[in-house]
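K.L.:
Below is the sequence, then the predicted model.
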Amino acid sequence: MKSFMIQGSKILATGSAIPSTSLSNDQISEIVQTSDEWISTRTGIKERRLLTGLNQSVIDLAILAANKALDKISMDPSNLDLIILATSSPNDLFGSASQVQAKIGALNAVAFDLTAACSGFVLGLVTASQFLRSGSYRNVLVIGADVLSKWIDWSDRSTCILFGDAAGAAILQSCPIEDNAILNFQLNTDGNYSDNLSIAYQEEIIPHPLLNLHQGSFKYISMNGREVYKFAVSQVPLSILKCLNSLKMSIDDVDWLLLHQANERILNAVADKLCISSSKIITNLSKYGNTSAASIPLALDEAIEENKISNNDIIAVAGFGAGLTWGTIIIRWESAILK
């Protein structure tokens, strides 16, 4: 019988995966009327990665990111208790986490999908930490992965320039409460603005004969960029400050600001509102574009690999996007890996 004692939680390892095919701004300008200068100055994006292989899906990227994280700490997949796959582009509408579970050999783990678009990884971390804090599980794998290239209208300049494909993963483990590294979180949803960023379902005009069912299909990504920008710049700083205030911390205590990699203008505007130096922003947006649920774990993994983040650094992590959803996690970084 499990003992439900309050525990802490910490991140043991991270991993990430990107497709081999890159698409530059110059190449996009051959598809739609745009230019490298137009895209770069408005978004900060120079290129993005696309999953182009036959029969490849989000699962392939998720598996690679998960295995990299497991390898870093030499963890046997059978030691995982739970797998959370944050994705809005599963290869099966019923969910893809179970396929990841089987293919990495984590046969003792419960696995489920979590759908919250660009906020997915943040919600995944929060969900994992709650299972760990309650003592229900000891080891949890959280994966943020999206292949939105499959849901883009490549004739729509407003969206096709923004998105790329990737996956990122983190392994969390329970720990004594005094060693807790996931210090606090703050989450929000406002469904009144859900139409501003969506992949909507569209019914067919002709009903199903006899049954009178109107069956349809999902459309491409639709986004009101102006409204999403206003939402992110107004709400994300408030979320970060509220989370810090609950810990009796200030913005001066933050060593790194890790935001969902949506648009360089959003990253800089949020930093300006918080009066935090741009040198503290973790970003790889120029290389990968907006990779949705993968953007935060991908940027985190790269920052760790580049030795940017040191032990006891405070990281303010914030995701925001479709729903509309947004949220913050404050992390005290403790490396479990000796390099």
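P.N.:
Yes, it's here.
K.L.:
Please name the nearest non-neighbouring residue to Asp146.
P.N.:
Distance criterion Cβ to Cβ, 6 or more residues apart in numbering; nearest residue to Asp146, sequence neighbours excluded, is Ser292 at 3.7 Å. Yep, even glycine has a C-beta here, placed from its N, CA and C like the rest.
K.L.:
give me the number of residues near that neighbour?
P.N.:
For Ser292, the count of nearby residues is 33 (other Cβ atoms under 10 Å).
K.L.:
and if you look at Leu213?
P.N.:
Number of residues near Leu213 (other Cβ under 10 Å) recorded here: 11.
K.L.:
List of residues touching stretch 35-47?
P.N.:
Stretch 35-47 is contacted from outside by 22-26, 28-29, 161-162, 263-265, 267, 283, 285-290, using Cβ atoms under 8 Å, 6 or more residues apart in numbering.
K.L.:
From these, which land in strands?
P.N.:
22-24 (DSSP state E).
K.L.:
Let's see if you can find the most crowded of the residues you listed.
P.N.:
Going by other Cβ under 10 Å, Leu23 tops the ones in strands among the contacts of stretch 35-47 with 19 neighbours.
K.L.:
looking at it, that one is touching Arg48, isn't it?
P.N.:
Yes: counting by Cβ atoms under 8 Å, Leu23 touches Arg48, with 5.6 Å between them.
K.L.:
what residues are shared contacts of those two?
P.N.:
In contact with both Leu23 and Arg48: Gly164, using Cβ under 8 Å, 6+ apart.
K.L.:
low-scoring stretches of the stretch 1-150 of the chain, by residue?
P.N.:
For the stretch 1-150 of the chain, residues meeting the criterion pLDDT under 70 lie at 1-5.
K.L.:
the strands in it, which residues?
P.N.:
8-17, 21-24, 47-50, 82-86, 110-114, 139-147 (DSSP state E, counting those that start in this stretch).
K.L.:
Pull the CA coordinates from the second one and hand them back as PDB.
P.N.:
The one in question is strand 21-24. Written as PDB, here are the backbone C-alpha positions of strand 21-24 (Å, rounded to 0.1, in the frame of the first residue of the first chain):
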ATOM      1  CA  THR A  21      14.900  18.600 -42.200                       C
ATOM      2  CA  SER A  22      15.200  22.300 -41.800                       C
ATOM      3  CA  LEU A  23      13.200  25.000 -43.600                       C
ATOM      4  CA  SER A  24      14.700  28.500 -43.800                       C
END
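K.L.:
how far away is the closest residue to Glu204 other than its chain neighbours from Ser222?
P.N.:
Nearest residue to Glu204, sequence neighbours excluded (Cβ to Cβ, 6+ apart): Gly216, at 4.8 Å. Computed as Cβ to Cβ, to the nearest Å, the Gly216 to Ser222 distance reads 15 Å.
K.L.:
Okay, and Asn245 sits in which element?
P.N.:
Taking DSSP states H and E as the definition, Asn245 sits inside helix 225-246.
K.L.:
Centroid-nearest residue for this structure?
P.N.:
Geometric centre of the chain, nearest residue: Ala293, 2.5 Å, by Cα atoms, centre = their mean.
K.L.:
and Met249, how many neighbours?
P.N.:
17.
K.L.:
For it, report the pLDDT, please.
P.N.:
Looking at Met249, its pLDDT reads 97.
K.L.:
Please apply the same query to Asp179.
P.N.:
So Asp179 comes in at 87 (pLDDT).
K.L.:
most tightly surrounded among the strands of the stretch 1-150 of the chain?
P.N.:
Ranked by mean neighbour count, the strands of the stretch 1-150 of the chain are led by strand 139-147 with a mean of 31 (mean count of other Cβ atoms under 10 Å).
K.L.:
so what's Lys287 up against?
P.N.:
Taking Cβ under 8 Å, 6+ apart, one finds 46-48 in contact with Lys287.
K.L.:
switch to 10 Å and redo it
P.N.:
Residues in contact with Lys287 (Cβ atoms under 10 Å, 6 or more residues apart in numbering) are 18, 22, 45-49, 164, 166, 261, 298-299, 302.
K.L.:
Could you do Gly15 as well?
P.N.:
Gly15 is in contact with 64-72, 141, 143, 167-171, 297-298, 301, 304-305, counting by Cβ under 10 Å, 6+ apart.
K.L.:
Give the other helices and strands that the helix holding Asn245 contacts.
P.N.:
strand 182-189, strand 197-198, strand 256-259, helix 264-274, strand 314-321, strand 325-332 (3 or more Cβ pairs under 10 Å, 6 or more residues apart in numbering; DSSP states H and E).
K.L.:
ok, back up a step: now, which of the ones in strands among the contacts of stretch 35-47 sits nearest Ala109?
P.N.:
Checking those against Ala109 with Cβ to Cβ, the nearest one is Ser22 at 33.0 Å.
K.L.:
I'd like to know how far the residue nearest to the closest one when sequence neighbours are not counted sits from Ser40.
P.N.:
Excluding the flanking residues, the one nearest Ser22 by Cβ to Cβ, 6+ apart is Glu47, at 5.1 Å. Between Glu47 and Ser40 the computed distance is 10 Å (Cβ to Cβ).
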